[in-house]
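Chemist: kindly generate the corresponding structure for this input.
(one chain, ligands or ions: 1)
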Amino acid sequence: MKNVLKVLVGSILITLFLYLIFFLFNKASSLINSDTKLEINENIEFGLNLDNFHISRDTIRFGDSFGEILIQKKMSYPQIYKIVEKIKDSFDVRWLTAGKPYTILSTKDSLNTPQYFIYQPNLLNYVVIDFSNFDSINAANKKKPFKIVKKSTSGVINNSLSETMDQNGLPWELINQLSDIYAWTIDFARIQKGDEFKIIYNERYIEDTILVGIKSIDAAFFEHNNEELYAFNFITDSVKKTAEFYDESGNSLQRTFLKSPLRFSNISSRYNLKRRIAYYGNKVRPHRGTDFAAPSGTPIMATADGRVIKSSYTRGNGYYVKIQHNDRYSTQYLHMQKKGRIKQGKYVKQGDVIGKVGMTGNTSGPHVCYRFWKNGKQVDPFKQKLPPGKPVPKKLKSNFDEAIIPFKKLLDEIN
Ligand SMILES: [Zn+2]
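Modeler: Numbering: from 1, shown residues only. Here you go, the predicted structure:
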């Protein structure tokens, strides 16, 4: 009897034990299964699982508009109007540019109702316009994940800096940034054959291999007129994160004025008293300003501290602001949007936003015409001997001295 009981209890225990093993194993294998499923099947792009949608990809064509594209997807005018109105502060649908790709994600059912419109102005950035729920329509500007790779390069000038850099296969962004750094210290119009440059910079890559642009220059060197000009990128204001360039002693390469009233921009037309315009039969039409092109709505900054002496309108200038910096210098900013302009009489600091890029007055596209006044005359700011910017602050000087050592060594080692 005792033996039978022993066998019975034993077999029950063994069965329970086997069940437990089986249960745990099953649980583990189902976990593994669902994990693998996730990896194989999910098709994530733009932060969305594309498997949940009907996808249509296309390119903006010349003459296309946001409204027309969505009308073709069977959306109604009131719906489109509501989307445009809701997102206008974060994305202006008029920015859609021919040649750029877009994606529309629609429901998978037979209606194919559009839910998302994704626009890619370049390889790195994209805008997700979400109208999957008409009560919470929104547009978000996003960046693809990228990694940064440090690079160095050098060259000897044959003719002009941009031609030499171009011949060496260097991107225009790097050319622009380098000429920005030395804009106040080197006159690039008088650059000489045999002048030499070296640059340490950071490139941005997406998906490991696709170069999407230059992030920043860490340090640079220029030999011009047998003079050695080092430039080191150093952040002195950790709140504003404004990086400035200093020579090896910590003196600023910048001037009391910012080089541009816009943070990101291209000079589309320089100060030129002998400018000829084909439209006017090649007659001379002097250009007393510097034009910086940027999308409508881009914030315009005061290039130096001062007082707003005009915030006004004329037919040629459109809406404009004029700032007096001291008894010698003032600056003026043309073709602004009406909204968001600073009021007359206000005091501003360098970098303060004083309005937005617009197309008011006599202009064919969104830009700011920046006019630089010296003793009551409009001059080319890039040809002026302006007072230097502030050097590295005393309390940061030892940090600066230490930070530039490896970069200076790297620069000196580049051939
Ligand atoms: Zn202009």
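Chemist: could you report the pLDDT at residue 253?
Modeler: With respect to pLDDT, residue 253 has a value of 89.
Chemist: which non-adjacent residue is nearest it?
Modeler: residue 245 (4.4 Å; CB to CB, 6 or more residues apart in numbering). Where C-beta positions appear, they are placed from N, C-alpha and C, glycine not excepted.
Chemist: any idea what the residue in the chain that the ion sits nearest to is bridged to?
Modeler: Using CB to the ion, the closest approach of the chain to the ion is made by residue 369 at 3.0 Å. Bridge pairing for residue 369 (DSSP bridges) gives the partners residue 291, residue 334.
Chemist: same question for the one 10 residues further on.
Modeler: According to DSSP bridges, the residues that bridge with residue 379 are residue 372.
Chemist: so what's it up against?
Modeler: Neighbouring residues of residue 379 by CB atoms under 8 Å, 6 or more residues apart in numbering: 271, 372-373.
Chemist: compare the residues you listed and tell me which is most surrounded.
Modeler: residue 372 (23 neighbours; other CB atoms under 10 Å).
Chemist: and residue 176, helix, strand or coil?
Modeler: helix (DSSP: H, G, I helix; E, B strand; the rest coil).
Chemist: and the closest residue to it other than its chain neighbours, what does it touch?
Modeler: Leaving aside its chain neighbours, residue 176 sits nearest to residue 266 (7.4 Å; criterion: CB to CB, 6+ apart). By CB under 8 Å, 6+ apart, residue 266 lies in contact with 176, 292-294.
Chemist: now do residue 306
Modeler: 323-326, 330-331, 347-348.
Chemist: contact residues of this structure facing the ion?
Modeler: By CB under 5 Å from the ion, the residues of the chain that approach the ion are 289, 291, 369.
Chemist: can you lay out those as JSON lines showing pLDDT and neighbour count?
Modeler: Converted to JSON lines, those look like this (pLDDT from 0 to 100; neighbours: other CB atoms under 10 Å):
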{"residue": "289", "pLDDT": "93", "neighbour count": "24"}
{"residue": "291", "pLDDT": "93", "neighbour count": "20"}
{"residue": "369", "pLDDT": "96", "neighbour count": "24"}
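Chemist: and the nearest residue to residue 270 once chain neighbours are set aside, how many residues sit next to it?
Modeler: Of all residues not flanking residue 270 in the chain, residue 290 sits nearest, at 5.7 Å (CB to CB, 6+ apart). Counted by other CB under 10 Å, the residues lying close to residue 290 total 22.
Chemist: sorry, back to before: and the residue nearest to residue 253, how many neighbours does it have?
Modeler: 21.
Chemist: now residue 122
Modeler: Residue 122 has 10 neighbouring residues, counting by other CB under 10 Å.
Chemist: where does residue 186 fall, secondary structure wise?
Modeler: Counting by DSSP states H and E, no helix or strand carries residue 186.
Chemist: any idea how far residue 291 is from residue 364?
Modeler: 11 Å (CB to CB, to the nearest Å).
Chemist: likewise residue 323?
Modeler: Taken as CB to CB, the span from residue 323 to residue 291 is 18 Å.
Chemist: next up, the contacts around the residue nearest to residue 270.
Modeler: Per CB under 8 Å, 6+ apart, neighbours of residue 290: 267, 269-271, 369-370, 372, 380-382.
Chemist: give the PyMOL command for selecting the buried subset of the residues you listed.
Modeler: The PyMOL command for the buried members of the contacts of residue 290 (criterion: 16 or more other CB atoms under 10 Å) is given here:
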select buried, resi 267+271+369+370+372+380+381+382
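Chemist: between all of the contacts of residue 290, which two are separated the most?
Modeler: Spanning the widest gap among those are 369 and 382, at 15.0 Å by CB to CB.
Chemist: burial count for residue 65?
Modeler: Residue 65 has 13 nearby residues by other CB under 10 Å.
Chemist: residue 97 is in contact with that one, correct?
Modeler: No. If you go by CB atoms under 8 Å, residue 65 and residue 97 don't touch, sitting 11.6 Å apart.
Chemist: mind showing which ranges of this structure have poor pLDDT?
Modeler: Applying pLDDT under 70 to the predicted model, the residue ranges of the chain that meet it are 1-41, 189, 239-243, 265, 277-280.
Chemist: that one: helices as residue ranges?
Modeler: For the chain, applying DSSP state H gives helices covering 2-41, 66-72, 77-87, 161-167, 172-181, 397-413.
Chemist: mind listing what's buried along the last one?
Modeler: Translated: helix 397-413. Of the residues in helix 397-413, those buried (16+ other CB under 10 Å) are 400, 403-404, 407, 410-411.
Chemist: wait, the residue nearest to residue 253 sits on residue 235?
Modeler: No. With contact defined as CB under 8 Å, residue 245 and residue 235 do not form a contacting pair (11.0 Å).
Chemist: quick one, phi/psi of residue 298?
Modeler: Dihedral pair for residue 298: phi -60, psi 130, per degrees, to the nearest 10.
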